[in-house]
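Asks: Just to be clear, the model below is a prediction. Sequence and coordinates:
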Amino acid sequence: MSDANVYAVKTLTSKEYFAPGHRACSGCGQAVAVRMVQKALGRNVIMASATGCMEVVSSPFPQSSWEIPWIHVAFENAAAVASGIEAGLKAQRRKGKIDGRKITVAAMAGDGGTADIGLQALSGALERGHDFLYVCYDNEAYMNTGVQRSSATPFGAATTTSPAGSVNSGQLTWKKNMMRITAAHDIPYAATASPSHPLDLVEKIKKGMETKGPAYIHVLSPCPPGWGISAEDSIQLARLAIETGIFPLFEIEKGRHKITVEVETLVPVEQYLKKQGRFKRLSSEMVEMIQQRVCKQWQELKSNSQDKSCIKPNNDAETVLPESEGEMEAGKIFRIKAGATA
Ligand SMILES: Cc1ncc(C[n+]2csc(CCOP(=O)(O)OP(=O)(O)O)c2C)c(N)n1
Ligand code: SF4
């Protein structure tokens, strides 16, 4: 999978829909992710984009990096505006004012615009079942306004509003789990993604576009100034987030969990944390607390990702038997291939 990911970008169109010349910091993981997402979305999309870094760096009047219909909206209402666009397109189609061609409606916002102030708009749009794709670019703080904490800032990270000092070592709450929150709306598709795994990211965007109804994609977006890392390390940090299990890559499709980038043995979280200035005041006890939580959540994810079909298997179906007793004892799942009556 990782080798394929190295070449994935070559399988994408050479056309840029997020044009160069924007003002993002060098090494901005969010800008890399946005560029890939836009290539996957293509031209036939209308995007509502909340205030945040990507809006600030891409739209200084009279210039724009956006080669698509793109609307800047307030911090709090990207999902509400996307809902309106989707409903409007539906009405125009019904009245015969536009043809039946598929136009993807999308919304994008940072973790602040998603997990904090835009959460009610997002929840409403998911609950109403709008046919749209929402992308959250999670750089784990309010970056464009000067690195203030958000509810998606990880435990122990120093920001200007969760400073590390003699009393505390940074943020004292755990990162809000947006995947659980969005999945609890029973939407057809939700997934995590990362610019370090472009093939996986592009596949998920395409799946989200094809989904009828709401799709939510949560993209890890390393931020060199906010995380206290060098520009050239940002994609490597995104990769380490996946390899440590801090940010697993998975999807929830019609309620079924699937880990899309398997990690056989997790790398210790310390290796990820110690490379970042925002975690430099962490005590060894806090690192241990983070490690334990990551292990617990990884095990939960593994267990959720197992095939737990509640339907009685078809007797005519072919059973794939374990090859050894060891496999049986290891609790490996043996699938029943669907029979001819399916
Ligand atoms: C209602 C409201 N409150 C506060 C602000 C100021 N503001 C603009 S962008 C922003 C932070 C955005 O953070 P995030 O969504 O995480 O995006 P990032 O800049 O990190 O990409 C804030 C606080 C605002 N524009 N509107
Ligand atoms: S502050 Fe961070 S997220 Fe914003 S443009 Fe710079 S690197 Fe990207």
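Replies: Received, thanks. Ligands and ions are numbered 1, 2, ... in the order given.
Asks: mind listing what Leu12 touches?
Replies: Met36, Lys39, Ala40, Pro198, Val202 (CB atoms under 8 Å, 6 or more residues apart in numbering). In short, each C-beta sits where N, CA and C put it, glycine included.
Asks: so where do the strands sit in the chain?
Replies: Secondary structure of the chain by DSSP state E: the strands cover 45-50, 70-73, 104-110, 133-138, 189-193, 215-220, 250-253, 256-259, 318-319, 336-337.
Asks: my guess is Leu89 meets Val105, correct?
Replies: Yes - contact criterion CB atoms under 8 Å: Leu89 and Val105 qualify, at 6.9 Å.
Asks: If you count surrounding residues, which of these two has more?
Replies: For Leu89 versus Val105, neighbours defined as other CB atoms under 10 Å are more numerous around Val105 (24 against 16).
Asks: ok so, going back, which one among the contacts of Leu12 gets closest to ligand 1?
Replies: Among those, Met36 lies closest to ligand 1 (CB to the nearest ligand atom), at 16.5 Å.
Asks: And the closest residue to Cys223 other than its chain neighbours, what's its pLDDT?
Replies: Counting by CB to CB, 6 or more residues apart in numbering, Asn139 is the residue found nearest to Cys223 once chain neighbours are left out, at 4.0 Å. Listed pLDDT for Asn139 reads 98.
Asks: Please apply the same query to Arg335.
Replies: pLDDT at Arg335 comes out at 41.
Asks: Ok, Ser64 next?
Replies: 96.
Asks: Show me where the stretch 101-250 of the chain has its helices.
Replies: 111, 119-128, 178-183, 198-210, 224-227, 234-243 (DSSP state H, counting those that start in this stretch).
Asks: closest to Val167 out of those helices?
Replies: helix 224-227 (21.9 Å; CB to CB).
Asks: give me the beta-bridge partners of the residue in the stretch 101-250 of the chain that ligand 1 sits nearest to?
Replies: Residue nearest to ligand 1 within the stretch 101-250 of the chain: Gly110 (2.3 Å; CB to the nearest ligand atom). Under DSSP bridges, the beta-bridge partners of Gly110 are Tyr137.
Asks: can you pull the contacts of it?
Replies: Gly110 neighbours (CB under 8 Å, 6+ apart): 30, 50, 52-54, 136-139, 142-143, 150, 221.
Asks: confidence score at the closest residue to ligand 2 within the stretch 101-250 of the chain?
Replies: Closest residue of the stretch 101-250 of the chain to ligand 2, CB to the nearest ligand atom: Cys223 (3.1 Å). At Cys223, the pLDDT value in this model is 98.
Asks: swap in the one 3 residues further on?
Replies: Here, the pLDDT recorded for Gly226 equals 98.
Asks: same thing with the one 4 residues further on?
Replies: We note a pLDDT of 98 for Ser230 in this prediction.
Asks: so which residue of the stretch 51-200 of the chain comes closest to ligand 2?
Replies: Residue of the stretch 51-200 of the chain nearest ligand 2, by CB to the nearest ligand atom: Cys53 (3.3 Å).
Asks: close enough to count as contact, Tyr134 and His218?
Replies: No - assessed by CB under 8 Å, Tyr134 is found out of contact with His218, at 9.2 Å.
Asks: More neighbours: these two, which one.
Replies: Tyr134 (29 against 25).
Asks: Stretch 181-191: which residues count as buried?
Replies: By 16 or more other CB atoms under 10 Å, the buried positions in stretch 181-191 come out as Ile181, Thr182, Ala183, His185, Ile187, Pro188, Tyr189, Ala190, Ala191.
Asks: Show me what the last one is bridged to.
Replies: I take that to be Ala191. Ile217, Glu251.
Asks: need the contact list for it.
Replies: Ala191 is in contact with Lys204, Lys207, Gly208, Ala215, Tyr216, Ile217, His218, Phe250, Glu251, Ile252, Thr260, counting by CB under 8 Å, 6+ apart.
Asks: Need those residues in a markdown table (columns: pLDDT and distance to ligand 1).
Replies: Shown next, in a markdown table, are these (pLDDT from 0 to 100; distance: CB to the nearest ligand atom, whole Å):
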| residue | pLDDT | distance to ligand 1 |
| --- | --- | --- |
| Lys204 | 98 | 20 |
| Lys207 | 98 | 24 |
| Gly208 | 98 | 20 |
| Ala215 | 98 | 20 |
| Tyr216 | 99 | 15 |
| Ile217 | 98 | 15 |
| His218 | 99 | 12 |
| Phe250 | 98 | 22 |
| Glu251 | 98 | 23 |
| Ile252 | 98 | 23 |
| Thr260 | 98 | 24 |
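Asks: Name the member of these with the most neighbours.
Replies: Counting by other CB under 10 Å, top hit in the contacts of Ala191: Tyr216 with 30 neighbours.
Asks: helices or strands up against the longest helix along the chain?
Replies: Taking DSSP state H as the criterion, the chain has its longest helix at helix 284-304. Packing contacts for helix 284-304, counted by 3 or more CB pairs under 8 Å, 6 or more residues apart in numbering; DSSP states H and E, involve strand 256-259, helix 269-273.
Asks: need those in TSV with distance to Arg128, mean neighbour count and mean pLDDT, can you?
Replies: TSV is the format used below for the helices and strands packed on helix 284-304 (distance: least, CB to CB, whole Å; neighbours: other CB atoms under 10 Å; pLDDT from 0 to 100):
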stretch	distance to Arg128	mean neighbour count	mean pLDDT
strand 256-259	23	16	97
helix 269-273	38	19	98
